[in-house]
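Peer 1: show me how the following folds:
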Amino acid sequence: MRTESWTHAPLLIVVFLCTTFVTRADETEAPAGTRSLAPLPFQLVLPREHLLGDWSGTRTWLEDRGITPTLTFVTDSLGNPTGGRKHGFTTANNVGLDLNFDLEKLGVIEGGSFLLSMSYRFGGSLSANYIHNVFTVQQVFGGETFHLINITYLQKLFDDRVELRLGRIATGDDFLVSPYNYVFVQNGFDGNPVSIFFNSPSMTAYPNDTWGALVKVRPTGRTYIMGGVYNGDPSIRSNDHHGADFSMDGPVFAIGEVSYQPNSLPGDRGLLGNYKAGFWYDNSLYTDFNTGAVNRGNWGFYGMFDQVLVRFGEPASHRGFGVAGSFLASPDQSISQMPYFFTAALVTRGIFPLRRRDIIGLGVVYGHFSNDLQNSQRRAQQLDPNLGVQSHETVVELTYRLALFKSALYVQPDLQYVFRPGGTGRISDALVLGAQVAANF
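Peer 2: Numbering: from 1, shown residues only. The predicted structure is shown next:
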């Protein structure tokens, strides 16, 4: 089995961290008699502690003055002992730094904030280098260099019922998002349901941001309507630019989303849910698979949900079992590479009373390639029999997130199985084993 020469570095970092902080207490909670029992709804995303504590007072000093720093490290270390084009092992890594400036606390403007963020990515892709499948198995691979990411101004108005965001932002930070998806290592889930990137070259996600503007309105406490317009130039993703290409040469990308969030307010005693529907339009140029003609514009729609089904204990315990799913369609098969796509997931947090933050996830990703694309590939296959025809690809993932130090550090063993890698049936199904490790410093 081949390995990348740098793959041991992230593992050594993790060993060092675990050794350094092994004397700290693991996940603990205050006794019931002293713990606040305020009627809070079940929260899908819990606050994280910091592995390095208070940074010798620096972090608290900054936060008191309106500056919140966040420093994180994530590594996906995976291998395919069977299947794929060949066997191998790689790590993909991301170091992220966010600086959020509370302009109200800084005495500048009420309800205003400014976000500056950057990342450094390094490593190799198991999917690209060894398996040769479509839905990449490591969610932090992509953009392996230094990146300037967010340069974003956010303004909240009318008691936070209206949000305006302007600057360098990624569409995928706000749209097509479910907290359940972030449990998984497979890129088909994590971040955003991935098929939109196959059909829309203007869609952006971390660490690739572009100029954009977003408006989010909450007509009620449990609903929102959101719309965004972005510069859709895909060339800004080039690693050579390091996220600092500030041009606006691309076509317009527009997206809108509506959401209903039952039992999401303090005092709600029911089971928390999120239900979303959206529509997007990309004014990019597309090549017709049938004729080779170039036309402008493509569109699609989506629906997604997550719902707690069983709660273990009171809402404030944040333990429970839920389901999540998404369906994306871009119906014009003459230009959409993947017109139909879905995900489904089962997620449980705190199944063991003494491990309240641990998470178990089981999910499936499926994507169907365009019938018109398949016909064009069959025509090409007549000239070159070595070419394949892409029909569909499926990935199943089982993962367990072991939360340490109140999620300041987690170790996540991961198993994935890739059916029909690349969608052609010419590459043997691949078993993927490994782990994701992340730390919030």
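Peer 1: show the subsequent helix or strand relative to the helix or strand containing residue 73.
Peer 2: Residue 73 belongs to strand 67-82 when assigned by DSSP states H and E. For strand 67-82, the following helix or strand on the C-terminal side (DSSP H and E) is strand 88-102.
Peer 1: give me the most central residue, this protein.
Peer 2: Nearest residue to the geometric centre of the chain (C-alpha atoms, centre = their mean): residue 191, 1.3 Å.
Peer 1: which SS class is that one?
Peer 2: When classified by DSSP: H, G, I helix; E, B strand; the rest coil, residue 191 comes out as coil.
Peer 1: give me the distance between it and residue 296.
Peer 2: 27 Å (C-beta to C-beta, to the nearest Å). Bear in mind the C-beta positions are built from the backbone N, C-alpha and C, glycine included.
Peer 1: returning to what we had before: what about the spatially closest residue to the residue nearest to the centre of the chain that is not a sequence neighbour, how many neighbours?
Peer 2: Distance criterion C-beta to C-beta, 6 or more residues apart in numbering; nearest residue to residue 191, sequence neighbours excluded, is residue 205 at 5.3 Å. Each residue near residue 205 was counted by other C-beta atoms under 10 Å, and the total is 20.
Peer 1: OK, contacts around residue 205?
Peer 2: 170, 171, 172, 173, 191, 192, 197 (C-beta atoms under 8 Å, 6 or more residues apart in numbering).
Peer 1: which one in those is the model shakiest on?
Peer 2: Looking at those by pLDDT, the weakest one is residue 191, with 86.
Peer 1: residue contacts, that one?
Peer 2: By C-beta under 8 Å, 6+ apart, the neighbours of residue 191 are 139, 172, 181, 182, 205, 206.
Peer 1: out of the residues you listed, who's nearest residue 355?
Peer 2: residue 182 (18.7 Å; C-beta to C-beta).
Peer 1: pretty sure that closest one sits against residue 206.
Peer 2: No. With contact defined as C-beta atoms under 8 Å, residue 182 does not reach residue 206; the gap is 11.5 Å.
Peer 1: and the two? which has more neighbours close in?
Peer 2: It is residue 206, of residue 182 and residue 206, that has more neighbours when counted by other C-beta under 10 Å, with 20 against 15.
Peer 1: hmm, residue 215 is touching residue 254, no?
Peer 2: No. Shown here, residue 215 and residue 254 do not form a contact pair, counting by C-beta under 8 Å, at 11.9 Å.
Peer 1: the two - which one has more neighbours?
Peer 2: Shown here are residue 215 and residue 254; by other C-beta under 10 Å, residue 254 has more neighbours (18 against 15).
Peer 1: just the element for the nearest residue to residue 421 once chain neighbours are set aside, please.
Peer 2: Once flanking residues are discounted, residue 421 sits nearest to residue 133: 3.6 Å by C-beta to C-beta, 6+ apart. Assigned by DSSP H and E, residue 133 belongs to no helix or strand.
Peer 1: lowest-pLDDT helix or strand in the protein?
Peer 2: Least confident helix or strand, the chain: helix 8-20 with a mean of 37, by mean pLDDT, DSSP states H and E.
Peer 1: who's in contact with the closest residue to residue 300 other than its chain neighbours?
Peer 2: Closest residue in space to residue 300, ignoring its immediate chain neighbours: residue 330 at 3.5 Å, by C-beta to C-beta, 6+ apart. Neighbour list for residue 330: 195, 196, 199, 200, 298, 299, 300, 336, 338, 339 [criterion: C-beta under 8 Å, 6+ apart].
Peer 1: name the spans of this structure whose pLDDT lies under the cut-off.
Peer 2: 1-44 (pLDDT under 70).
Peer 1: elements contacting the longest strand along it?
Peer 2: Secondary structure of the chain per DSSP state E: the longest strand is strand 294-311. Contacting strand 294-311 under the criterion 3 or more C-beta pairs under 8 Å, 6 or more residues apart in numbering; DSSP states H and E are the following elements: helix 195-199, strand 273-287, strand 320-329.
Peer 1: okay, now the sheet partners of the last one, with direction.
Peer 2: Strands adjacent to strand 320-329 in the sheet, as given by DSSP bridges, are strand 294-311 (antiparallel), strand 340-349 (antiparallel).
Peer 1: how about the second one?
Peer 2: Sheet neighbours of strand 273-287, with direction, are listed as strand 252-260 (antiparallel), strand 294-311 (antiparallel) (DSSP bridges).
Peer 1: show me what counts as buried in it.
Peer 2: 273, 274, 276, 278, 280, 281, 282, 284, 286 (16 or more other C-beta atoms under 10 Å).
Peer 1: check contacts around the nearest residue to the fourth one once chain neighbours are set aside.
Peer 2: In other words, residue 278. Among residues not flanking residue 278 along the chain, residue 257 sits closest, at 3.9 Å (C-beta to C-beta, 6+ apart). Residues near residue 257 by C-beta under 8 Å, 6+ apart: 175, 176, 225, 226, 227, 276, 277, 278.
Peer 1: do the same with residue 415
Peer 2: Neighbours of residue 415 in contact, by C-beta under 8 Å, 6+ apart: 397, 398, 399, 431, 432, 433.
Peer 1: what do you get for residue 397?
Peer 2: Applying C-beta under 8 Å, 6+ apart, we find residue 397 in contact with 184-186, 189, 361-365, 414-417.
Peer 1: how does it look with 7 Å?
Peer 2: 184, 185, 186, 363, 414, 415, 416 (C-beta atoms under 7 Å, 6 or more residues apart in numbering).
Peer 1: how about residue 270?
Peer 2: Counting by C-beta under 7 Å, 6+ apart, residue 270 has contacts 262, 263.
Peer 1: ok so it is a helix residue?
Peer 2: No. Assigned with three-state DSSP, residue 270 falls outside any helix and is coil.
Peer 1: nearest to residue 308 among the contacts of residue 257?
Peer 2: For the contacts of residue 257, the minimum distance to residue 308 (C-beta to C-beta) is 15.7 Å, reached by residue 276.
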